[in-house]
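Novice: Fold the following and give me the result.
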Amino acid sequence: MEKTSENEWIFKTVELPRMISVGNNLIDQAGKIMNKANLGKTGVLIADPITIKIAGETTIDSLEKSNFEMTQHLISSASIGESHEVEKVIKEYEADFAVAVGGGAVIDVTKYGSFLANVPFVSVPTVASHDGIASSRASLHKDNKKHSFTAHTPAIVIGDTSIINNAPFKFTLSGCGDVISNLTAVLDWELSHRLKGEAISSYASHLSRLTAQMVIEHRKEVYKGSPSVSDLVLKALVTSSMAMCIAGSSRPASGAEHMFSHALDELSASPALHGEQCGVGAILMMYLHNGDWKLIKDTLEEIGAPTTAKEMGIPDKDIITALTTAHTIRDRYTILGDTGLSQKAAEKLATKTGVID
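Specialist: Numbering: from 1, shown residues only. This is a model prediction of the structure:
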């Protein structure tokens, strides 16, 4: 349900996952979990050369023990072309469903490929690095640029915390940065609602804020080796995804801070992780919103996530260029306005917040 004005409401259908399972050693139970969803018995498992070893083979073994007929397909990049290949494989094998085992690239490629093939998919994240694990948006490269495509939500999410705990910790910190950046995404959405009349979902915006606040309030639990960190971050990412599903767009979790991150992806020879860039972007955009940017910075510092260009391994000049060009990344009104920041304003912003020296 979206609110377009004080007295006008639009009712719509919201697509959410049928089942969400988060817990320890769930991969061994994948077959039993999926039997409850009645997706069919023939599937294609999508992974990359790394994640097939981490969890893909175990997932296939569990599914075959539960009488599923499985084949596998490996991808190499998060591109629109890879999604078309996934679509082709699904149709060739007349699969009833697809299973994505991996990080953002694998999940987004499978999400869109299964959408094109009109079959459900199952999301099995091997890292907790961003909130696309249960959303209906796919971020894919097309014509050397990253684009956001409408897809569908996973029918099932299987979040195995034992796998997440074994992943490099920087991915979990990236997930924290992605969730925390919801704070500025929602402010941008509300700004566009006030100034441009864009439809807004109060429920989705509140849920998105709640997700960010959950990570901030429990930040002392976010450290390598913490028994609860994977559970906390996975649940936060899934909840953030739910906010996007309810909104029917990425608005609750993607504003100027994400546009800044996408600009860095295009500019930098070695961009940082998506959530790391969004976390730093949130510091910058919260300053422009006259909000508590220091809370975001202090939280990221406390958990060990980067807060500066140097810590991300990105040149200062790329930060400035990204700030001056981010408003052109997509047709979405944010705190950057229609014209963006001047170089002088960008330099002042990045220096004042300590993102650059």
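Novice: Next one: the nearest residue to residue 125 once chain neighbours are set aside from residue 336, what distance?
Specialist: Nearest in space to residue 125, with sequence neighbours left out and distances taken as Cβ to Cβ, 6 or more residues apart in numbering, is residue 133 at 4.6 Å. Glycine gets a C-beta too; all of them are placed from N, C-alpha and C. Distance of residue 133 to residue 336, computed by Cβ to Cβ, to the nearest Å: 27 Å.
Novice: And those two? Which one has more around it.
Specialist: Comparing residue 133 with residue 336 by other Cβ atoms under 10 Å, the one with more neighbours is residue 133, at 26 against 23.
Novice: which residues does the more buried one contact?
Specialist: By Cβ atoms under 8 Å, 6 or more residues apart in numbering, the contact set of residue 133 is 107, 123, 125, 154, 157, 159, 234, 237-238, 241.
Novice: Residue 182 too?
Specialist: Neighbouring residues of residue 182 by Cβ under 8 Å, 6+ apart: 208-209, 211-212, 240, 243, 252-253.
Novice: Highest neighbour count among those?
Specialist: residue 253 (32 neighbours).
Novice: Show me what the longest helix along the chain is packed against.
Specialist: What stands out as the longest helix in the chain, according to DSSP state H, is helix 229-247. On a contact count with 3 or more Cβ pairs under 8 Å, 6 or more residues apart in numbering; DSSP states H and E, helix 229-247 meets strand 19-23, strand 156-160, helix 161-166, helix 169-180, helix 202-217.
Novice: by how many degrees do it and strand 156-160 diverge?
Specialist: In terms of direction (axes from the mean of the first three to the mean of the last three Cα atoms, to 10 degrees), helix 229-247 departs from strand 156-160 by 160 degrees.
Novice: Could you identify the helix or strand that succeeds helix 229-247?
Specialist: helix 256-267 (DSSP states H and E).
Novice: What are the buried residues along that next one?
Specialist: 256-265, 267 (16 or more other Cβ atoms under 10 Å).
Novice: TSV for those, including distance to residue 54 and pLDDT?
Specialist: As requested, the buried residues of helix 256-267 are arranged in TSV below (distance: Cβ to Cβ, whole Å; pLDDT from 0 to 100):
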residue	distance to residue 54	pLDDT
256	34	98
257	29	98
258	27	97
259	32	97
260	31	98
261	25	97
262	27	94
263	31	96
264	27	97
265	24	93
267	31	92
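Novice: Between the residues you listed, which sits nearest residue 216?
Specialist: residue 257 (15.3 Å; Cβ to Cβ).
Novice: My guess is the closest one contacts residue 274. True?
Specialist: No. Using Cβ atoms under 8 Å, residue 257 is not in contact with residue 274; the gap is 10.8 Å.
Novice: Residue 207 - nearest residue in space that isn't next to it in sequence?
Specialist: The shortest distance from residue 207 to any residue other than its chain neighbours is 4.3 Å, reached at residue 243 (Cβ to Cβ, 6+ apart).
Novice: And the one you found, how far from residue 252?
Specialist: Distance from residue 243 to residue 252, counting by Cβ to Cβ: 4 Å.
Novice: For these two, list the residues in contact with both.
Specialist: 182, 204-205, 207-208.
Novice: Same list (these) but as TSV, adding distance to residue 75 and pLDDT.
Specialist: Shown next, in TSV, are the shared contacts of residue 243 and residue 252 (distance: Cβ to Cβ, whole Å; pLDDT from 0 to 100):
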residue	distance to residue 75	pLDDT
182	28	98
204	30	96
205	34	97
207	31	96
208	29	97
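Novice: Pull the most distant pair out of these.
Specialist: The most widely separated members of the shared contacts of residue 243 and residue 252, counting by Cβ to Cβ, are 182 and 204 (10.5 Å).
Novice: Identify the contacts common to these two.
Specialist: With Cβ under 8 Å, 6+ apart, residue 182 and residue 204 have common neighbours 243, 252.
Novice: Report the residue ranges of every domain in this structure.
Specialist: 19-166, 169-352 (automatic domain parsing).
Novice: Ok, which of those domains comes nearest residue 13?
Specialist: domain 169-352 (8.8 Å).
Novice: Can you name the residues that contact residue 52?
Specialist: 72, 74, 101.
Novice: Which ones among those residues map onto strands?
Specialist: Within these, residues falling in strands by DSSP state E are 72, 74, 101.
Novice: Dump these to a markdown table, plus pLDDT and neighbour count.
Specialist: As requested, the ones in strands among the contacts of residue 52 are exported to a markdown table (pLDDT from 0 to 100; neighbours: other Cβ atoms under 10 Å):
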| residue | pLDDT | neighbour count |
| --- | --- | --- |
| 72 | 97 | 17 |
| 74 | 98 | 16 |
| 101 | 98 | 30 |
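Novice: Sweet, I'm off.
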